[in-house]
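1. quick one, fold the following:
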Amino acid sequence: MIEIKKIYKKDIPELLINKEFWNYSFLSISKHRLYAHYKNPNLDENDIVLLLSYLNNELVGYMGLFIDKINIDNSLEKIGWLSTWWVHPKTKGTGIGREILNTMYSENNGQIGISQFTPSAKRVYDKSGYFTTLKENIGIKAVLRSNLTFVIPSLFPKAKRLSTFFNQIDYLLNLFINIKLYIQKIVISKKLINISLEYINIIDDETLNIINKFNKKDISNKGKEFFEWLKAYNWVQKAPLLNLTDKRKYEFSIYDNEFEFSLIKVIKENSCIGFIVLQKRNYVTKVLFTYYDNSKHTNDISNIIKLQAIIQNTREIICYDETICDNYKKSKIFLYKTKKIKQSIISKAFKKTDFNNVRMNFGDGDCSFA
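-> Alright, predicted model coming up:
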């Protein structure tokens with residue numbers, strides 16, 4: 001018999017101290033991710049954050065939900081972004097996966113979106129008939145340093161056993177590449193001579209004004225509460241002793257060697273000209289949110305991101321901001337650039353199918369967090 005248990009915000013304090021739940025053979029969520037949901041400024045007491053699926057009283061699957069607000073034809077609507085979805089392989093053919101999706105859809109009155117997914121998951125979403133295309137963002141992966149340790153095993157999984165060898169190759173190649181990047185660091189720094197930055201965890205009025213000025217077309221109008229929450233409650237925790245953690249108990253992101261957000265206020269001639277949010281996870285920098293005048297300050301913003309990536313030993317930058325992507329396509333600082341595509345879908349329950357004039361930031365949905 002299939003049973004679906006619903007976890008609401010009001011259930012989180014009790015679940016956090018439930019030893020049986022946390023000592024199960026696999027995790028349905030991490031404690032810090034669950035607590036981050038609890039602190040989500042858009043979450044109400046009776047909003048669902050997690051579905052647990054049982055087969056004959058055995059926990060065999062789950063689905064997580066991140067509650068947000070989006071702008072639909074100048075009206076704020078609550079939306080639940082599907083953030084995790086997993087069922088035990090032994091349940092194949094039982095229909096549990098579809099039952100979880102149907103329950104989540106029904107419990108949220110169909111107001112569901114998905115901001116990134118695998119091809120196999122997309123086939124299930126298409127088959128459900130619930131969704132329509134929200135956005136297909138075209139971005140760029142701009143590579144600064146050699147990263148064969150990751151690239152080769154991702155293309156040829158059997159090569160993973162040679163990771164030590166590839167790591168040594170990366171080290172040798174990057175000795176020479178870093179000389180070039182050191183020179184570029186000096187060149188870029190001179191271009192930013194009139195720029196100053198503030199790394200913040202509190203959104204002041206000047207920063208908020210910049211956000212509000214350049215978010216008019218955004219599908220989700222992020223503000224003070226969101227960014228301060230994002231900075232304070234990470235879904236992924238930095239864990240230098242990664243091998244000693246229980247990360248294998250969870251099918252999604254829980255810990256990593258490096259993980260941090262940079263909320264950067266950009267100042268020129270004593271005025272705030274931009275606000276950007278970057279995520280650094282190991283050797284990858286992601287440009288999550290950007291607010292600036294792209295007719296005036298694209299070069300400055302692009303150079304700030306490049307400079308931080310160089311100094312932080314980043315090996316690649318992933319970005320979906322159109323004008324920054326155009327800037328990077330022309331830049332000679334990178335080893336190479338490849339196209340990235342980020343697909344997002346949204347429920348037909350919102351009764352809107354034309355999102356051509358809507359901007360979707362890379363960090364919208366659950367993409368900021370993991």
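2. where in the stretch 251-370 of the chain is pLDDT low?
-> Low-confidence regions of the stretch 251-370 of the chain, defined by pLDDT under 70, are absent; no residue qualifies.
3. now for Asn46, how many residues are close by?
-> 9 (other C-beta atoms under 10 Å). For every residue, glycine as well, the C-beta is placed using N, CA and C.
4. actually Leu173, sorry about that
-> Should you count by other C-beta under 10 Å, Leu173 turns out to have 15 residues around it.
5. name all residues that make contact with Asp11.
-> Taking C-beta atoms under 8 Å, 6 or more residues apart in numbering as the definition of contact, Asp11 has no neighbours.
6. isn't there a strand covering it?
-> No - counting by DSSP: H, G, I helix; E, B strand; the rest coil, Asp11 is located in no strand; its state is helix.
7. for the protein, which segments are assigned as helices?
-> Defined through DSSP state H, the helices belonging to the chain, from first to last, are 12-16, 19-22, 31-39, 96-107, 119-128, 148-155, 163-191, 205-213, 224-232, 298-311, 322-330.
8. format these as a markdown table; extra columns: distance to Leu51.
-> Formatted as a markdown table, these follow (distance: least, C-beta to C-beta, whole Å):
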| stretch | distance to Leu51 |
| --- | --- |
| helix 12-16 | 13 |
| helix 19-22 | 14 |
| helix 31-39 | 13 |
| helix 96-107 | 6 |
| helix 119-128 | 15 |
| helix 148-155 | 31 |
| helix 163-191 | 36 |
| helix 205-213 | 33 |
| helix 224-232 | 23 |
| helix 298-311 | 37 |
| helix 322-330 | 36 |
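9. can you tell me which of those helices is most buried?
-> Sort those by mean neighbour count, taking mean count of other C-beta atoms under 10 Å, and helix 298-311 sits at the top with a mean of 20.
10. just the angle for that helix relative to helix 163-191, thanks.
-> Using axes from the mean of the first three to the mean of the last three C-alpha atoms, to 10 degrees, the direction of helix 298-311 lies 140 degrees away from that of helix 163-191.
11. ok, residues contacting helix 298-311?
-> Helix 298-311 is contacted by residues 144, 181, 184-185, 188-189, 191-192, 195, 197, 262, 264, 266, 268, 273-274, 276, 278, 285, 287, 290, 292, 314, 317, 319, 323-324, 326-328, 331, 333 when judged by C-beta under 8 Å, 6+ apart.
12. one more: stretch 358-370?
-> 33, 36, 66, 68, 81-83, 113-116, 134-135, 137, 139, 217-220, 222, 230, 234-236, 252-253, 261, 277, 279, 286-290, 318-321, 342, 344.
13. same check on stretch 177-197?
-> In this structure, residues lying in contact with stretch 177-197 by C-beta under 8 Å, 6+ apart are 144-146, 264-269, 299-300, 303-304, 306-307, 310-311, 333, 335.
14. now do stretch 252-263
-> When contacts are taken as C-beta under 8 Å, 6+ apart, the neighbours of stretch 252-263 outside the stretch itself are 27, 30, 33, 83-84, 86, 199-201, 203, 227, 230-231, 234-240, 242, 245-247, 275-282, 288, 308, 368-370.
15. give me the buried entries from the residues you listed.
-> 27, 30, 33, 83-84, 86, 200, 203, 227, 230-231, 234-237, 239, 247, 275-281, 288, 308, 368-370 (16 or more other C-beta atoms under 10 Å).
16. so which of these belong to strands?
-> Within those, membership in strands is found for Ser83, Thr84, Trp86, Gln237, Phe275, Ile276, Val277, Leu278, Gln279, Lys280, Arg281, Leu288, as judged by DSSP state E.
17. direction included, what does the lengthiest strand in the chain pair against?
-> What stands out as the longest strand in the chain, according to DSSP E, is strand 58-72. Sheet pairing for strand 58-72, assigned by DSSP bridges, gives strand 48-55 (antiparallel), strand 75-87 (antiparallel).
18. can you pull the buried residues of that strand?
-> Within strand 58-72, the residues that qualify as buried are 59-72, counting by 16+ other C-beta under 10 Å.
19. give me the angle between that strand and helix 224-232.
-> Here strand 58-72 points in a direction 140 degrees away from that of helix 224-232 (the same axes, to 10 degrees).
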